[in-house]
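Engineer: Model the structure of this input:
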Amino acid sequence: MINVHDQIRRNKRNTIFLISTFLVVIYALSWILGAVWGNPYMGMIFVIPITILYVLFAWFSGSNMILATMGAKPVKKSEFPHLFHTVEGLAIAAGVPTPKAYVIDDTALNAFATGRDPEHGIICVTTGLMNKLNRQELEGVIAHEMAHIKNYDIRYMMLVTILIGIITLLSDFLLRTFLYSSMGGDRRENNQMTIVFIVIGIVLAILAPFIGHLIRLAVSRQREYLADATGARLTKYPQGLADALKKIKGDPDPLVDKANKASAHLFISTPFRKKAGSFFSGMFSTHPPIDDRIQKLERM
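Structural biologist: Got it, this is the predicted structure:
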């Protein structure tokens, strides 16, 4: 039997470690940027205010931007009473404030949760999901998304996405600085240590965003398993979510029209068209194999 509480504690420890790692990388990139300008502290003075503004904007506006990009509309109780009551009932079972419910007009079978914490949680489903799933299957999917809110996955993934965005912007700026700066000036022309330092900076600037994305994808896959287990505990009927995943797997048109790579990790299943499996496609996937998820649920 999966010990959900142990996994939640482990995820919280991993959260602290990974976010600390991202912060160290941001510090290193800003320090290198300042060194290129002639004073390492100049990079920090330049980067820190921009980082703070970026984090604040993304923290308070990120969810609204995601919903607007997806074309999501708030749920009206009179229009979708079953969805409204399902979200309400599962929030009580999970012991979290009732998330706001949204709907995307799309035939694909999918759903996602977002927000910065349980007090600002949001659950969004496609109209295709509501039309194709029965009551127990829909409850299984909503419970899965409720689990992301209960387990603070929504906060973690938002923070990681923000930090990766900062690292990507900073790395791009650093590479452009290297490209356009005169690295052959008289003062630095024969300084071998400076050349080594610049090479390290270039390698770090190139690899940092790539590694950051791999970390986000790997952690996203782990948290899908945990959300499946937590959601099954909420409904006390794992087969409901397992059957829903079978229908999602068999969806002939899984493409969510307005989904993009930045938001793909939020969905219960990848919102893009199916591709032939390979080592690299698995490594870059935002979700674990759906068959594995179904098997784990059916063994619960």
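Engineer: Residue 97 - how many residues pack around it?
Structural biologist: Neighbourhood size, residue 97 [other C-beta atoms under 10 Å]: 13. Heads up, the C-betas are built off the backbone N, CA and C, glycines and all.
Engineer: Now do the same contact list for it.
Structural biologist: Counting by C-beta atoms under 8 Å, 6 or more residues apart in numbering, residue 97 makes contact with 91, 118, 119, 121.
Engineer: The second one: what's it in contact with?
Structural biologist: It stands for residue 118. 96, 97, 99, 149, 150, 152.
Engineer: Of those residues, just the buried ones, ChimeraX syntax please.
Structural biologist: Here is the ChimeraX command that selects the buried residues among the contacts of residue 118 (16 or more other C-beta atoms under 10 Å):
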select :96,99,149,150,152
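Engineer: For the stretch 1-150 of the chain, which segments count as helices?
Structural biologist: 4-37, 40-70, 81-94, 127-132, 135-150 (DSSP state H, counting those that start in this stretch).
Engineer: In JSON lines: these, plus mean pLDDT.
Structural biologist: Below are the helices of the stretch 1-150 of the chain laid out as JSON lines (pLDDT from 0 to 100):
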{"stretch": "helix 4-37", "mean pLDDT": "74"}
{"stretch": "helix 40-70", "mean pLDDT": "85"}
{"stretch": "helix 81-94", "mean pLDDT": "93"}
{"stretch": "helix 127-132", "mean pLDDT": "93"}
{"stretch": "helix 135-150", "mean pLDDT": "94"}
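Engineer: Deepest in the core, which of those helices is it.
Structural biologist: Of the helices of the stretch 1-150 of the chain, the one with the most neighbours on average (mean count of other C-beta atoms under 10 Å) is helix 135-150, at a mean of 25.
Engineer: Please enumerate the strands of the stretch 201-300 of the chain.
Structural biologist: Using DSSP state E, counting those that start in this stretch, the stretch 201-300 of the chain contains no strands.
Engineer: Nearest approach to residue 105 belongs to which of the helices of the stretch 1-150 of the chain?
Structural biologist: Proximity to residue 105 (C-beta to C-beta) singles out helix 127-132 among the helices of the stretch 1-150 of the chain, at 5.3 Å.
Engineer: So which residues make contact with the closest one?
Structural biologist: Contact with helix 127-132 is made by 80, 82-83, 103-111, 138, 141, 247, 251, as judged by C-beta under 8 Å, 6+ apart.
Engineer: From the residues you listed, keep the buried residues only.
Structural biologist: Buried subset of the contacts of helix 127-132 (neighbour count, 16+ other C-beta under 10 Å): 80, 83, 103-104, 106-111, 138, 141, 251.
Engineer: Indicate which one of the helices of the stretch 1-150 of the chain is closest to residue 300.
Structural biologist: Smallest distance to residue 300 across the helices of the stretch 1-150 of the chain (C-beta to C-beta): 10.8 Å, for helix 4-37.
Engineer: Below-threshold pLDDT in the stretch 101-250 of the chain: ranges please.
Structural biologist: 178-198, 200-202, 204-205, 208-220 (pLDDT under 70).
Engineer: got a list of what residue 165 touches?
Structural biologist: 54, 58.
Engineer: So it: helix, strand or coil?
Structural biologist: helix (DSSP: H, G, I helix; E, B strand; the rest coil).
Engineer: Distance from stretch 79-93 to the middle of the chain?
Structural biologist: Here stretch 79-93 is found 24 Å from its chain centre; the criterion is C-alpha atoms, centre = their mean, to the nearest Å.
Engineer: Need the buried ones among the contacts of helix 127-132 in a markdown table (columns: distance to residue 48).
Structural biologist: Converted to a markdown table, these look like this (distance: C-beta to C-beta, whole Å):
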| residue | distance to residue 48 |
| --- | --- |
| 80 | 45 |
| 83 | 43 |
| 103 | 40 |
| 104 | 37 |
| 106 | 40 |
| 107 | 46 |
| 108 | 41 |
| 109 | 44 |
| 110 | 38 |
| 111 | 37 |
| 138 | 46 |
| 141 | 41 |
| 251 | 45 |
